[in-house]
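A.B. asks: Next come a sequence and a model predicted from it.
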Amino acid sequence: MTIVNTETIPGKTVVEVKGLVQGNTVRAKNIGRDIAAGFKNMVGGELKGYTELLTESRREALSRMIAQAEALGANAVVNVRFSTSAITSGASEMMAYGTAVVAE
Amino acid sequence: MDADSASVAVTLLVYAGLPALVLFVGWLVGHLSETRHERSLAAREEALRDIEATDMRNPPGFAAAEGSCMLVSGEAVVASDMFKSWVFGFKNIVGGESKFFTRLFERARREALLRMKERARELGCNAVCNVRFDSVDIGGNASGMKKKGSNMAVALVSGTAWRRPAVA
């Protein structure tokens, strides 16, 4: 499965568009991460727990998107975009969407 | 020195001394970690200089590139320190650019971009095109439930890693 955020795939041509696919996830920070972040907010520096949270969210949203694309019989997803939104303090949604295609 | 002046001194110490100490420690540690982070960013940027990043959707040579390409992304969350948040409280009254927070966001963005380039290199690619910057409200600033003093810069970046042929 080729995943790109460009409209074309080098060396391949899109022969069939299968449609829009998307995957999302809402993840909450846990108490431990919140406490660690509270301390970090006094002295500054990277909030590693939150960075990891974002990396995991991104992976999860992408893998759900890929599962949809596979179900449609696509072998690539082009023009992938990420979108985020805040739900409440401490939880945010990560969404990945793109166009499932067959490329040869 | 009688009991009254002693209790005034203790009160002063508790109400002015302690916050001042916390602010000072926040400033000191924050400043040191900021300087160290910027130094590490500069060194890693130098090491990854050969990975060409562009926000063009179809850069020269992309259509004819060989090898597989892949979506890569990087993310970073950097917290402000107490001193900076405190100073920003005053800045909010008079307005104008907050140099501290401008620098904070710059650090987060450079870090995220570097992580994306590192992932591109791990995949054996030497270029990233269609780079996009994004952000997310992790602390809940928009929802009005933000905890006081929890300022952070969130940077998300994604792009397509590909193999750029060597220019003859």
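C.D. replies: Noted; the coordinates are in hand.
A.B. asks: And A:Leu53, what's its pLDDT?
C.D. replies: What the model reports as pLDDT for A:Leu53 is 87.
A.B. asks: Tell me the secondary structure of B:Asp50, please.
C.D. replies: Three states are possible here, and by DSSP: H, G, I helix; E, B strand; the rest coil the one that applies to B:Asp50 is coil.
A.B. asks: Check whether it really touches B:Asn126, as I assumed.
C.D. replies: Yes. In this structure, B:Asp50 is within contact of B:Asn126 by Cβ atoms under 8 Å, at 6.3 Å. To be clear about C-beta, it is placed using only N, CA and C from the backbone, and glycine gets the same treatment.
A.B. asks: tally of neighbours for A:Val21?
C.D. replies: Per other Cβ atoms under 10 Å in any protein chain shown, the neighbour tally for A:Val21 reads 23.
A.B. asks: Now do residue 104, the pLDDT please.
C.D. replies: Chain wasn't specified; assuming chain A. Looking at A:Glu104 specifically, the model assigns a pLDDT of 88.
A.B. asks: you looked at the wrong chain, it should be chain B
C.D. replies: The model reports B:Leu104 with a pLDDT of 91.
A.B. asks: now swap in B:Gly139 and tell me
C.D. replies: The predicted local distance difference test score for B:Gly139 is 63.
A.B. asks: check whether stretch B:103-117 contacts chain A.
C.D. replies: Yes. When contact is scored as Cβ under 8 Å from any Cβ of the partner chain, part of stretch B:103-117 falls within range of chain A: B:Glu111.
A.B. asks: C-alpha coordinates for that stretch, PDB please?
C.D. replies: What follows is the C-alpha trace of stretch B:103-117 in PDB, where atoms were taken according to Å, rounded to 0.1, in the frame of the first residue of the first chain:
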ATOM      1  CA  ARG B 103      10.700  31.400  19.600                       C
ATOM      2  CA  LEU B 104       8.700  28.600  21.300                       C
ATOM      3  CA  PHE B 105       6.700  27.900  18.200                       C
ATOM      4  CA  GLU B 106       9.800  28.100  16.000                       C
ATOM      5  CA  ARG B 107      11.500  25.500  18.200                       C
ATOM      6  CA  ALA B 108       8.500  23.100  18.000                       C
ATOM      7  CA  ARG B 109       8.200  23.500  14.200                       C
ATOM      8  CA  ARG B 110      11.900  23.000  13.600                       C
ATOM      9  CA  GLU B 111      11.900  19.900  15.800                       C
ATOM     10  CA  ALA B 112       8.800  18.400  14.000                       C
ATOM     11  CA  LEU B 113      10.400  19.100  10.600                       C
ATOM     12  CA  LEU B 114      13.600  17.400  11.700                       C
ATOM     13  CA  ARG B 115      11.800  14.300  12.900                       C
ATOM     14  CA  MET B 116      10.000  14.100   9.600                       C
ATOM     15  CA  LYS B 117      13.300  14.400   7.700                       C
END
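A.B. asks: Compare B:Asp50 and B:Asn126 and say which is more crowded by neighbours.
C.D. replies: Here B:Asp50 and B:Asn126 are compared on neighbour count by other Cβ under 10 Å; more neighbours surround B:Asn126, at 16 against 10.
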